[in-house]
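[1] Got a sequence here, can you model it:
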Amino acid sequence: MAIPLDNLGNLYRAKGDDERAEALFKRVLAIKARSLKPDDPEIATTLSNLAVLYSDQRNYEKAEPLLQRARRSRRRRWTNASGSRHAP
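    Residues are numbered from 1 along each chain as shown. Below you'll find the predicted structure:
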């Protein structure tokens, strides 16, 4: 259920319906937080989607921490999967 909602949020963002997009991305994060591990790439994807929305709004104060969190999550996931860190 979360992936179609994430996609719908992207559609709303593309159409300029930021309120609906933000609400959906937050709902998706809540769903994923209940069912996935914190470093799951699906959570990082939604964090990035929400950050892009905030960036489009020039709300960089909200966007940056979300992108940093997504980056850390992906880095941890990559490190755990490979046994060593391959990406900066």
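
[2] Per-residue pLDDT of R74, please?
    pLDDT recorded at R74 is 80.

[3] May I see the buried residues of the lengthiest helix in the chain?
    Assignment by DSSP state H gives helix 60-82 as the longest helix of the chain. Neighbour-count burial for helix 60-82 flags 63, 66-67, 69-70, 73-75, 77 (criterion: 16 or more other CB atoms under 10 Å). (Glycine included, C-beta is placed from N, CA and C.)

[4] Widest-spaced pair of those residues?
    Using CB to CB, the buried residues of helix 60-82 span at most 21.1 Å, a distance reached by A63 and R77.

[5] nearest to R27, of the buried residues of helix 60-82?
    Distances from R27 to the buried residues of helix 60-82, taken by CB to CB, are shortest for L66, at 15.3 Å.

[6] Sketch out the low-pLDDT regions of this structure for me.
    Counting by pLDDT under 70, the ranges of the chain that qualify are 77-88.

[7] Give the helix, strand or coil label for the closest residue in space to F25 that isn't next to it in sequence.
    Here the nearest residue to F25 in space, its sequence neighbours aside, is L50; by CB to CB, 6 or more residues apart in numbering that works out to 4.1 Å. Using DSSP: H, G, I helix; E, B strand; the rest coil, the structure places L50 in helix.

[8] tally of neighbours for L50?
    25 (other CB atoms under 10 Å).

[9] L47 and K32: what is the separation?
    10 Å (CB to CB, to the nearest Å).

[10] My guess is the residue nearest to F25 contacts L66. True?
    Yes: taking contacts as CB atoms under 8 Å, L50 lies within contact range of L66: 5.6 Å.

[11] center of the protein, which residue is that?
    The centroid of the chain falls nearest to L47 when counting by CA atoms, centre = their mean (1.7 Å).

[12] Now for that residue: which residues touch it?
    29, 66-67, 69-70, 73 (CB atoms under 8 Å, 6 or more residues apart in numbering).

[13] got it, and A70?
    Counted by CB under 8 Å, 6+ apart, A70 has contacts 43-45, 47-48, 51.

[14] for F25, same thing?
    By CB under 8 Å, 6+ apart, the neighbours of F25 are 6, 9, 46, 49-50, 53.

[15] Good, wrapping up.
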